[in-house]
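> missing the sequence, but the structure's below:
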């Protein structure tokens, strides 16, 4: 009888330890990092900066997969509906907080269906124009547009994206009338602005900074409450004449809800270490982005507060949910 009891005890211990071993050995295969927008935008750039660092930390390949469309909801839903095993991650973007107020039906609840890992980056958007336009600063831009109501187009990364709503906030505060031209991500919009097909945009600093430095687009003002790192010569839109203006963009890693806590913890450690890498930090700062590296709890609270903020902005702008 003692032998049977000992055998049962042994089998119970084995059963209890197998799941723990399976989790602590994570990952054992390739991890997909879903970017819910087109290549070339800030979300994509951030993901491709972090992916090699996470690959080195995890010991398995982390590949970036672009899944653009539907205001970033296609990529978001792909992760929200994925198995909660740590092998499908999301490079989340500000639209996670914006979409609930922009759309009548969002196919997932970011606050319930996704598990925050860490906010990775915070950065301003920047009001840029094609160099063929005459304005040299925000005041001249406002005056230029006011004399051409409904005649000037502006590009965005899509309906309800941060570049779109950042511009809508400017239109409300400065009482401007412009025509919105949505693209499937910042990358295509930036490309068309560089080609002169659309004259105005508010891309994020990661997307815009190389072209600002090369002179292929003219920067008039950044959207944050302070000047962007690596771009001290560009004033904020508020200090350039539009009182009360402020809007920032952010990116962060999330996993499907119910992903085991030890996997979330390991991924968080990897993100923080990546952002502490001197080369990674300097690259982000040079391009006008602030490395963050918040805890899962801090990121969850930030996502909640951003959702409430943008709901108020969208209501004030009179934008009707689609």
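Sure thing, it's come through. Being a predicted model, the structure only gives us computed values, none of them experimental.
> Pretty sure residue 275 sits against residue 291.
Yes. Contact criterion CB atoms under 8 Å: residue 275 and residue 291 qualify, at 4.2 Å. The C-beta positions use only the backbone N, C-alpha and C, and glycine is treated the same way.
> Give the residues shared as contacts by those two.
Here residue 275 and residue 291 share the contacting residues 120, 281, 284, scored by CB atoms under 8 Å, 6 or more residues apart in numbering.
> how about the helices in the stretch 101-250 of the chain?
According to DSSP state H, counting those that start in this stretch, the stretch 101-250 of the chain carries its helices in the segments 110-113, 138-146, 162-174, 186-194, 205-214.
> contacts for the second one?
When you say that, I think you mean helix 138-146. 127, 129, 133-135, 152, 174-178, 220-221, 235, 237, 240-242.
> Give me the PyMOL select line for the residues you listed, limited to the buried ones.
The PyMOL selection below is limited to those of the contacts of helix 138-146 classed as buried (16 or more other CB atoms under 10 Å):
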select buried, resi 127+129+133+135+152+174+176+178+220+221+235+237+240+241+242
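> In strands only, show me the contacts of helix 138-146.
127, 129, 220, 221 (DSSP state E).
> show me what contacts the first one?
If I follow you right, that is residue 127. 138, 141, 167, 170, 200, 202, 219, 220, 221, 222, 223, 237.
> so how far is residue 255 from it?
Residue 127 is 34 Å from residue 255, where distance means CB to CB, to the nearest Å.
> For stretch 106-126, what does the pLDDT average out to?
Averaging pLDDT along stretch 106-126 gives 96.
> Pull out the buried residues from it.
106, 108, 110, 113-126.
> Straight-line length of it, end to end?
28 Å (CA to CA, to the nearest Å).
> Quick one: distance of that stretch to the chain centre.
7 Å (CA atoms, centre = their mean, to the nearest Å).
> and after the helix or strand bottoming out on mean pLDDT in the chain, which helix or strand comes next?
None of the helices or strands of the chain scores lower by mean pLDDT, DSSP states H and E than helix 2-24, at a mean of 47. On the C-terminal side of helix 2-24, the nearest following helix or strand under DSSP states H and E is strand 31-35.
> Neighbouring strands of that next one in the sheet, and parallel or not?
strand 62-66 (parallel), strand 88-93 (parallel) (DSSP bridges).
> I'd like the next helix or strand past that strand.
Moving toward the C-terminus from strand 31-35, the next helix or strand (DSSP H and E) is helix 42-58.
> in that next one, what counts as buried?
Applying 16+ other CB under 10 Å to helix 42-58 flags 42-47, 49-51, 53-55, 57-58 as buried.
> okay, residue 319: pLDDT?
The model reports residue 319 with a pLDDT of 82.
> Please report how far it lies from residue 62.
In this structure, residue 319 and residue 62 are 36 Å apart, going by CB to CB.
> Also residue 264?
Going from residue 264 to residue 62 by CB to CB gives 15 Å.
> likewise residue 201?
Residue 201 is 30 Å from residue 62, where distance means CB to CB.
> neighbour count winner among these two?
A side-by-side neighbour count of residue 201 and residue 62, using other CB atoms under 10 Å, places residue 201 first with 31 against 22.
> what's near enough to touch the closest residue to that one other than its chain neighbours?
Once flanking residues are discounted, residue 201 sits nearest to residue 155: 4.3 Å by CB to CB, 6 or more residues apart in numbering. Contacts here follow CB under 8 Å, 6+ apart; on that basis residue 155 touches 163, 181, 182, 183, 189, 190, 192, 193, 198, 200, 201.
> Number of residues surrounding the fifth one?
Residue crowding around residue 189 was assessed by other CB under 10 Å; the count is 30.
> Over to the second one?
The burial metric for residue 181, expressed as a neighbour count using other CB under 10 Å, is 16.
> pLDDT score assigned to the spatially closest residue to residue 200 that is not a sequence neighbour?
Closest residue in space to residue 200, ignoring its immediate chain neighbours: residue 154 at 4.1 Å, by CB to CB, 6+ apart. At residue 154, the model reports a pLDDT of 98.
> from here on, count from 4
That works, and once the first residue is 4, the last one we named lands at residue 157.
> And residue 157, how far from residue 279?
The gap separating residue 157 from residue 279 is 37 Å, by CB to CB.
> who's more crowded, these two?
Per other CB under 10 Å, whichever of residue 157 and residue 279 has more neighbours is residue 157, with 26 against 12.
> Contact partners for that one?
With contact set as CB under 8 Å, 6+ apart, residue 157 has these partners: 170, 181, 182, 183, 184, 201, 202, 203, 204, 205.
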